[in-house]
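1. Quick one: sequence plus predicted model below, questions after.
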Amino acid sequence: MPIKALDPKVVARIAAGEVVERPASVVKELVENALDAGSSQISVEVRGGGVSLIKVADNGSGIASAEVELAFDRYATSKLENLDDLESIQSLGFRGEALPSITAVAQVDMVTCAAGERAGTYLALKDGAIASRSSQGRPQGTTVTVANLFRKIPARLKFLKSVATENAHIANVVSQYALAFPEVRFSLSIDGRAALRTSGSGRLIDSIVEVYGAEVADSMIELKGEAAMPQVTGRIGSPKVNRSGRGYLSFFVNRRWVNSRLLARAVEEAYHGLLMVGRHPITVINISLPLNEVDVNIHPTKSEVKFANERAIFSAVQRAVRQALTEQIAVPRVEAAVTRPVFPSAVRETATIPYSGVAPGPAFPPPTPSMALPVLRVLGQLDNSYIIAEGPDGLYLIDQHAAHERILFERISQQRLRREVEVQGMLEPMTLEVSPRQEAVLRSRYQDLNEFGFAIEPFGDKTFLVRAVPALLHKEDWAGMLRELLDSLSEGDKGDWAEEVTISMACHSAVRAGQSLSDAEMQELVRQLEQSDTPHTCPHGRPTMIHLSSEQLKKQFGRT
Amino acid sequence: MKLSCLQENLDRGLSVVGRAVAVRTTLPITNNVLLATDQSRLKLAATNLEMAVSCWIGAKVEEEGAITVPARLLSEFIGSLPAEKVDISLSPQTKTVGLKCARFEARISGVDAKDFPPIPKVEGGVTTKVEVEALRQGIARVVFAAATEESRPVLTGVDAVFEGDLLTLAAADGFRLAVYKLPLAKAVSKKTEVIIPARALGELNRLIAEQEEAVEIMVNPDKGQALFSLKNVELVSQLIQGTFPNYSQLIPKSSTTKAVISVGDFLRATKTASIFARDGSGIVRLVVTPGGEMTPGKVVVSARSEEVGDDVGEIDAMVEGEEAKIAFNGKYLTDVLSVLGEAQVSLETTNPSSPGVLKPVGVDNYLHVVMPMFVQW
């Protein structure tokens, strides 16, 4: 076949394919346009998963009557003037591709009215060409209606997921922008049902309440951004509120919603050890940085960005999140439901003291006390597994094993960093026999185990000689611990190798549940836990303690 | 069963057998103590299946019989009684033991004595006799070095070699080794080596604390049992099966530094340093410096903890050889220094990663080998 230039319609459709992937992409482009127009109210209406209808109305600047047609030309934009502007893009859109791309795959109507114009302009497009134009009354702003999306592209239509899935994507897009722009009032209606409505109050927490609910919002910790760039602001969920997917990590760069593995990794590292494996936090994080330090023009949908200094961004995010977490996370509280007092109903009815089992609480309970561990007084041991302690604000139940694990984990890590691991020599080298699978791991790692205090050398077939062991473990079954560790490591990539070893060592040398402790031992354990950097969770991410506040106790006993 | 005995005797007997009562067990009857008439005496016995202790007390027996009752309940009740005569009677139908003392009366439900695990009879094997003081010393000086962790069962025991008129006791936990030799009051007919659980020897030492008569020992390696006969008390222990490591090769043959130190000074300095070493793994550092022409030699004992601070103590020593640096687990040092009765101890070392040897000065029947900790100097 000879080479020839493609028909403009084909070009348009190919290009549209990049920008308009699914109905949610249309919503994204239109919402971004509305935001760029400086709107303070944006309402989105979709039907049939966005395929039948997408309608985005705003109260932004509108398009002047004379320029309306131009808006639908490819690479026509009001947001960029010259090449230099590309270096410092402030608006969300700039490529001038969105509207023409959408018109290439759907039927589009627009009613717009710019400031100072008496009447608005109505424009209808079909198959990328203007079908009709007239005057129509409208307050300042723009309404874009997209109907019959992908009708002419059965292939694309076929690949769309169920209506519910497409709706979910659309809701996510609108939610993300609602989080990024708390000062804009968003409303989303899906098939006539109000799915989201934000107040536009300008406070992020209000948007979070609408998007994630009051319970999540209550646990969100504010990031105190540093004054210097890159500035990291927003809110992050406390570790007790977590999700099984990464879908709750929202990142904005200069308020542009982006997907970024780099940022996700920074956040996950900051949460490391606070969440159970496979659980992910909820975060809403905005990164402000000079416009020329971020390149948003690497993808037509602009959902990915490139940072000039990735490392600085990574560590700024990680530091900000970690700092907020260590300063503010609260001890998990005993849920009221668990400890509901048994109150005979007859008594309750005749009781003269006013007692209401379900006292209407304030919509926002007072924020959880944000602090490191307070000074605790040990009261005793429960079930040979938990230490009962009293703090200034109620009762603490501490899991002795988890707590000790946390203490040892930090001690081992520190000793290793300072290269001061305490090593106990063996009077007689001990042989360690391992399985073939264990041998494979140990052969490649035995020298690395040195820095943890193990002096191990190969000694023939499936046998190793152990000449020294970490002092911490010398009274424990260190051979069993090594075998367990090797098994776990042989099961595949476990992330941070050194951390795996540290956790394993801490776990094996910590006091067990079921071990009775003397008062002095319990006091010592609690004292060391108080000094720990992250006392609230064990290295596996389980909580080390539960808090029952004086307030709760009073309430449970009907004393309030 | 019907008998009477004195409260003090019964109380003492119950406390003797009490330590053999099982604590956590799947066999509930081992929480009980056996009461049985034995000619004109009352026999008390308890077992945790690893070790059994029997004790005989004088009694006026009117009717033969046997029963078991919960050990703790009985000994607490007897312990609270006045020092008078206790009448014990068993009602065979209900298996209820009636106890009467002064104006107190109690009934305790018992379990048939037939269900009680038989206390092993040790016969055959090798018989010998040891002076009680020597045995006391020997057990005290080795038993603490046995392993408490059970991954290598033989190390939880004390190796006992009977040969001619000599008994050699040795214990090791992989990091230290203690060897003590003591004379046998009666030579054995053939060389016998057994591993006795350290726990049983610990209990034996408690039992012989107030005794003056020599202890009779009978070991039967084939049946895996050892019997220690004291005055009115017998302790039977299961032996640990296996081979004890050949420890003679672990004892360093030579050294480059030898320091002779006062046991009391050394112990005090180590204990002081251990306070500072407590936060970590108890590392105590020793620097041994030979004396000059005018200055005495010394050992500097120090410890430091990243968070807490540090401590340095100095003790005089007679040092032969070169300067030496070595670090030990402070507990290993205090363990051995606190059992030494002698005034002085010698510490022999070669280098910071080779074992140190401690020997009391003036006797040659005890030595203690400790593996150092490897630290940055």
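-> That came through, no problem.
2. Might one say that residue B:15 is in contact with residue B:74?
-> No - in this structure, residue B:15 is not within contact of residue B:74 by C-beta atoms under 8 Å, at 11.2 Å. C-beta coordinates here come from the backbone N, C-alpha and C atoms, glycine included.
3. Compare those two (neighbour count), which wins?
-> Higher neighbour count among residue B:15 and residue B:74: residue B:74, with 23 against 14, using other C-beta atoms under 10 Å in any protein chain shown.
4. wait, isn't that one in contact with residue B:33?
-> Yes - using C-beta under 8 Å, residue B:74 is in contact with residue B:33, at 6.1 Å.
5. Can you report how many residues lie near whatever residue of chain B ends up closest to chain A?
-> Nearest residue of chain B to chain A (C-beta to the nearest C-beta) works out as residue B:281 at 3.4 Å. Residues near residue B:281, counting by other C-beta under 10 Å, number 24.
6. Quick one: residues contacting it.
-> By C-beta atoms under 8 Å, 6 or more residues apart in numbering or on different chains, the residues touching residue B:281 are A:422, A:424, A:471, A:472, A:474, B:329, B:373.
7. Just to be sure, the fourth one is in a helix?
-> Yes - counting by DSSP: H, G, I helix; E, B strand; the rest coil, residue A:472 is located in a helix.
8. Now it: closest residue in space, sequence neighbours ignored.
-> Using C-beta to C-beta, 6 or more residues apart in numbering or on different chains and skipping the chain neighbours, the partner closest in space to residue A:472 is residue A:509 (4.7 Å).
9. Please tell me how far that neighbour sits from residue B:317.
-> 35 Å (C-beta to C-beta, to the nearest Å).
10. Between these two, point out the one with more neighbours.
-> Taking neighbours as other C-beta under 10 Å, residue A:509 and residue B:317 compare with residue B:317 leading, 25 against 22.
11. so the nearest residue to residue A:74 once chain neighbours are set aside is in which element?
-> Residue nearest to residue A:74 in three dimensions, not counting chain neighbours: residue A:100, with 4.4 Å by C-beta to C-beta, 6+ apart. Applying DSSP states H and E as the criterion places residue A:100 in helix A:98-105.
12. The very next helix or strand once past that helix versus helix A:98-105: what angle between them?
-> Next along the chain after helix A:98-105, taking DSSP H and E as the criterion, comes strand A:107-113. Orientation of strand A:107-113 against helix A:98-105 (axes from the mean of the first three to the mean of the last three C-alpha atoms, to 10 degrees) gives an angle of 150 degrees.
13. Quick one, grab the pLDDT at residue 369.
-> Just going to use chain A. For residue A:369, the model assigns a pLDDT of 35.
14. that answer is for a different chain, and I need it for chain B
-> As predicted, residue B:369 sits at a pLDDT of 96.
15. Residue B:63 too?
-> As predicted, residue B:63 sits at a pLDDT of 93.
16. Not counting residues beside it along the chain, what's closest to it?
-> Nearest non-adjacent residue to residue B:63 (C-beta to C-beta, 6+ apart): residue B:2, at 3.8 Å.
17. Residue A:236 in helix, strand or coil?
-> The three-state label given to residue A:236 by three-state DSSP is strand.
18. give me every residue that touches it.
-> A:220, A:221, A:223, A:267, A:281, A:282, A:283, A:284, A:285, A:321, A:324, A:325.
19. And residue B:173, by the same measure?
-> Residue B:173 is in contact with B:145, B:146, B:147, B:148, B:149, B:155, counting by C-beta under 8 Å, 6+ apart.
20. Point out where the chain drops to low pLDDT.
-> I'll assume chain A. A:15-18, A:79-89, A:95, A:328-372, A:492-495 (pLDDT under 70).
21. looking at chain B here, not the other one
-> Where chain B drops to pLDDT under 70, the residues are B:279, B:307.
22. where exactly do the helices run in the stretch 1-150 of chain A?
-> Assigned by DSSP state H, counting those that start in this stretch, the helices in the stretch 1-150 of chain A fall at A:8-19, A:23-36, A:68-71, A:83-87, A:98-105.
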